[in-house]
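how does the following fold in three dimensions:
(2 chains)
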Amino acid sequence: MNHWIIAPVLLPALVAAIIILVLRYQVITQRVFSVASTVALIGIGIGLLVHSMSGQIDVYELGNWPAPFGIVLVLDRLSAMMVLLTAVLALAVVLYAIGSGWDKRGHHFHALFQFQLMGIFGAFLTGDAFNLFVFFEVLLIASYGLMIHGGGAVRLRAGVQYVIYNLLGSTLFLFALGTIYAVTGTLNMADLAVRVADLPASDTAMIRVAAVLLLLVFAVKAALIPLHFWLPATYAEAPAPVAALFAVMTKIGAYAIIRIYTLVFGTDVAATADMIGPWLLAGAIVTLVVGMIGVLGASHLGRLAAFAAIGSMGTLLIAIALFTPQAITAALYYMIHSTLAGAALFLVVDMVRARRVAEDDAIAPRPAIVQNGLIAAYFFAAAIAMAGMPPLSGFLGKLLVLDAVRDHALVWLIWATILATSLVAVVGFARAGSLVFWNVAPEVDHTPAPHPQTALTFVATGGLIAAIAMLTVFAGPVTTFLSETSAQVFDKQSYIAAVLETARAIEVENLPLEGSQK
Amino acid sequence: MEYLLASAIGALTAAGIYLTLRLRTFPVILGISMLTYAVNLFLFASGRIAINLPPVLLNNTPTYTDPLPQALVLTAIVISFGMTAVVVLIALGAYLSSNDDHVNLSDGPVDAQEPSK
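Predicted coordinates:
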C-alpha cells in the first residue's frame, strides 16, 4: 500500500491543528507553517501525479479493512490531477492572503485554510460515497469560517445565506445516500457500480430517484442554474483570497458529477442511461447564458467575477453532460483553466478594491488608483482568459469543447450559445475594464488613494496568470495526459477491479439484507 | 411501525421545508433542525426496520439488524449538530452587527435604525 495517498489529507489536518493549538498568537510563524505545508502539498501532488501517470489505480485501505467494508482512498489520474491543481491554487491564494494582509483581519485564517484544503483533498481522493459526504462537510465547515473572515454586517449576512443553502444541500445529500443504501446495501463507489449495474429492472425506480437527488446535490456545489443562488453574494462578499480558493469549490461539484455519473450511474447502466445527460445539458446551457449576461449587467467588480465563475461552470458542465471520452477531455482542460482564471480574476478585483477609497468596487469612474496600468494589464489578462479569447487557454478550452460536441444532436444550439455568450462576456469585461481603469473621474474631496506596499500580491496573481500561460503553451502534452485520464475514467472495470480485488481474494459471502429475509 | 416512521419523517420534512422558507433566521434554523431530524430517521430506516434485534452477528441468532445505518446516523447527527451550532453563531453575529435578522440581503446600505414592525 502506498502511504503517500493519504498525505494530502493528513498533512493539512496536522498543520491546522498545530497552528490553532500552538501558534495561535504568532502570525509570522503561522504564515511560515501555512506556506510550508502548501509547498509540501504541491510536492506531494506532483509525486502522486507522476505516480498515477503509469495508469495504475492505487487503493489505500484505511485501517487495512478490505474495500466494500472499510473506507478506501483511490488514486487515479483524475484524482491526482485535481489534487495538484488545488495545491497550486492554494499556494497562490495563501501568498496573496499574506501579501495583502487579509490573514490578519480576523483570527484563525491559516488554520481554517488548512482544514479547507484537507476537506478538498479528501473529497478528490475518497472512493466511498458517505466518506465523500463527510469530506464535503469538512470543507464546508472550514469554508463557513473563511467566508465570514474579517467580519462586517454585509459579509455576515451573505454568510448566513451561504451556510443555510449548503446545510440544505447536505441534508439532500444524506437523503440521496440513504436511498442508495436502502436499494443497494453499499456506499463504496466501486461496489455501487457493480450492484447498480446488476439491479433487476423492477427495482430501478428508487435508484433513479437517488441518482437525481445526488445530481441535485452536486449541482448545488457546481452552481448549476437554478441551484446557483448562493454563489453571487457569497463570492462577491467573501474575502478575496477565500473567493479565489472557492474557485475550486464549484469544481468539486463538477468532479463529483464526472466520478459518480461515469462510474456508478454511467450511460451504459440501464437504470439511468439517458436520464442525467439531457437534464444536465439543458441546465448547463442556461447557466452559461445567465452567467455571461450577469457579467454584462454587473454593477460591481465582485459580482462580475462571481457571474464569470457561473458562466465558466456552464461551459464546463456542457462538456461534462455529453459523457463521451472526448468531451470529458475537453471538460478537464477547461476545468483546470477556469479554476486558475477565476481565481486570478477574484485576486485582481481585490487589488482594485485595496487601492480605492473605502474598498469600493463599483464599475464606475473613480479617481485613478495607484499602479493603474499594471493592475489593468492583470485584469485584462484574467478577463481574456475568462472570456475565452486567444491567445490564452480559455480559447483552447472552448475550442476543445466546441470540437467535442460536433457529433451531438444539439450541436448548433450549443455552438451558438457558447459563441454568443463569449461575445457577451467580451463586451461585459471590456465595459467593466474601460470604466474602471481608463475612465478616470476627477478627485472630489482629495482623499488620498490607498497605496498598499504589497509586492507579494503581484507575485501571487502573476503566478496564476503565468500558470494559465503555461497551460496554453503546454496544451499538447496536457491534453494527451487528459485524454488518458478520461479514458481511465470510462474504463470502470479496472477501477472496480482495483478497489474490490482484495475483497474477492478472501471470498466474502454476500450477506442478504435483513428486510429481504422477511 | 413502518407507517408511523414514514409519516413522522414526512411530517418533519414538511415542517422543515416550510420553516426554511420563512424570512427570518430563527424559523429557518428551526427548519434546518427539523430537516436533519427527518434525515436521521430516514437514514436509520434505510437498513430496514428490525425491532429488538442485535446489530451484530451472534452464533445463536439467525437474524440481526443492519449496523451500518446506525454508524451513518451517528456521523450525521454529530455533523448536523455541529453545523447547527455554526449557523446559530453566524446568524447571531449577522443579527447583532446589522440589527436585522432577515435572511435576504437588502440592496441598499443596511439601516440600523429601522423600527420593528
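
hey, let's count contacts and neighbours off CA atoms from now on
OK.

buried stuff in the helix or strand encompassing A:Thr417?
A:Thr417 belongs to helix A:411-433 when assigned by DSSP states H and E. Across helix A:411-433, burial judged by 16 or more other C-alpha atoms under 10 Å in any protein chain shown covers A:414-415, A:417-418, A:421-433.

now do that helix, average pLDDT.
What helix A:411-433 shows for mean pLDDT is 92.

right, and the helix or strand after it?
By DSSP H and E, the next helix or strand past helix A:411-433 is helix A:455-473.

now what about that next one, what contacts it?
For helix A:455-473, the external contacting residues (C-alpha atoms under 8 Å, 6 or more residues apart in numbering or on different chains) are A:89, A:92-93, A:95-100, A:337, A:340-341, A:343-344, A:347-348, A:351, A:378, A:381-382, A:385, A:391-393, A:396, A:478.

from the chain's centre, how far out does that helix sit?
Centre-to-centre, helix A:455-473 and its host chain are 19 Å apart (C-alpha atoms, centre = their mean, to the nearest Å).

buried residues, the helix or strand immediately after that helix in the chain. List them.
Next along the chain after helix A:455-473, taking DSSP H and E as the criterion, comes helix A:475-490. By neighbour count with 16+ other C-alpha under 10 Å, helix A:475-490 contains the buried residues A:475, A:478-479, A:481-490.

show me the shaky parts of chain A.
A:1, A:445-448, A:453, A:502-518 (pLDDT under 70).

just the strands in it please.
Under the criterion DSSP state E, strands of chain A are mapped to A:58-61, A:72-75.

helices and strands around the last one, which ones?
If I follow you right, that is strand A:72-75. Under the contact definition 3 or more C-alpha pairs under 8 Å, 6 or more residues apart in numbering or on different chains; DSSP states H and E, strand A:72-75 sits against strand A:58-61, helix A:109-125.

would you mind finding the most buried of those?
Mean neighbours per residue, mean count of other C-alpha atoms under 10 Å in any protein chain shown, is largest over these for helix A:109-125, with a mean of 27.

do that helix and chain B come into contact?
No: taking C-alpha under 8 Å from any C-alpha of the partner chain as the criterion, helix A:109-125 and chain B are apart, separated by no less than 13.9 Å.

same for that helix, what does it pack against?
helix A:7-21, helix A:27-52, strand A:72-75, helix A:77-100, helix A:129-147, helix A:240-263.

what's the angle from the first one to helix A:27-52?
Computed by axes from the mean of the first three to the mean of the last three C-alpha atoms, to 10 degrees, the angle separating helix A:7-21 from helix A:27-52 equals 170 degrees.

contacts for helix A:7-21 next, please.
With C-alpha under 8 Å, 6+ apart, helix A:7-21 has contacts from A:30, A:33-34, A:37, A:41, A:44-45, A:83, A:108, A:110-115, A:117-119, A:121-122.

quick one: buried residues of that helix?
Those would be A:Ala7, A:Pro8, A:Val9, A:Leu10, A:Leu11, A:Pro12, A:Ala13, A:Val15, A:Ala16, A:Ala17, A:Ile19, A:Ile20, for helix A:7-21 by 16+ other C-alpha under 10 Å.

now do the second one against chain B, distance only.
The one in question is A:Pro8. According to C-alpha to the nearest C-alpha, to the nearest Å, A:Pro8 and chain B sit 22 Å apart.

surely A:Leu75 touches A:Ile5?
Yes: here A:Leu75 reaches A:Ile5: they are 6.8 Å apart, a contact under C-alpha atoms under 8 Å.

run a quick neighbour tally on A:Ala321.
23 (other C-alpha atoms under 10 Å in any protein chain shown).

that one contacts A:Pro278, correct?
Yes: counting by C-alpha under 8 Å, A:Pro278 is a contact partner of A:Ala321 at 7.1 Å.

do I have it right that A:Ile320 meets A:Ala327?
Yes: at 6.4 Å, A:Ile320 and A:Ala327 qualify as touching, with contact defined as C-alpha under 8 Å.

and these two? Which one has more around it.
Set side by side, A:Ile320 and A:Ala327 show more neighbours around A:Ile320, with 28 against 25, by other C-alpha under 10 Å.

now that one: how far from chain B?
Relative to chain B, and taking C-alpha to the nearest C-alpha, A:Ile320 is found at 30 Å.

separation between that residue and A:Gly314?
10 Å (C-alpha to C-alpha, to the nearest Å).

next one: A:Leu399
Taking C-alpha to C-alpha as the measure, A:Leu399 falls 15 Å from A:Gly314.

neighbour count for those two, which is higher?
Using other C-alpha under 10 Å as the criterion, A:Leu399 and A:Gly314 rank with A:Gly314 on top: 30 against 15.

show me what contacts A:Val27?
A:Lys104.

the one 4 residues further on too?
If you count contacts by C-alpha under 8 Å, 6+ apart, A:Arg31 has them with A:Ile98, A:His110.

what does A:Phe124 give?
A:Phe124 neighbours (C-alpha under 8 Å, 6+ apart): A:Ser79, A:Met82, A:Val83, A:Ile252, A:Tyr255.

start and end of stretch A:293-309, how far apart?
First-to-last distance for stretch A:293-309 - C-alpha to C-alpha - comes to 12 Å.

name the residues of it that are buried.
Neighbour-count burial for stretch A:293-309 flags A:293-296, A:298, A:300-309 (criterion: 16+ other C-alpha under 10 Å).

return the backbone torsion pair for the residue of the stretch 251-400 of chain A found nearest chain B.
Closest residue of the stretch 251-400 of chain A to chain B, C-alpha to the nearest C-alpha: A:Ser299 (11.9 Å). The phi/psi pair for A:Ser299 (degrees, to the nearest 10) reads phi -100, psi -10.

for A:Val370, same thing?
Main-chain torsions, A:Val370, degrees, to the nearest 10: phi -70, psi 140.

next, count neighbours for it.
16.

wait, it touches A:Phe437, no?
No: between A:Val370 and A:Phe437 there is no contact under C-alpha under 8 Å: 10.6 Å.

measure the nearest residue to A:Ser299 once chain neighbours are set aside to A:Val295 for me?
Counting by C-alpha to C-alpha, 6 or more residues apart in numbering or on different chains, A:Ile363 is the residue found nearest to A:Ser299 once chain neighbours are left out, at 5.4 Å. As judged by C-alpha to C-alpha, A:Ile363 and A:Val295 stand 11 Å apart.

need the contact list for A:Ala282.
Contacts for A:Ala282 (C-alpha under 8 Å, 6+ apart) come out as none.

make it 10 Å
Contacts for A:Ala282 (C-alpha atoms under 10 Å, 6 or more residues apart in numbering or on different chains) come out as A:Ile225, A:Gly314, A:Leu317, A:Ile318, A:Ala321, A:Ile414.

pretty sure the third one contacts A:Gly283?
Going back to what we said before, that points to A:Leu317. Yes: using C-alpha atoms under 10 Å, A:Leu317 is in contact with A:Gly283, at 8.5 Å.
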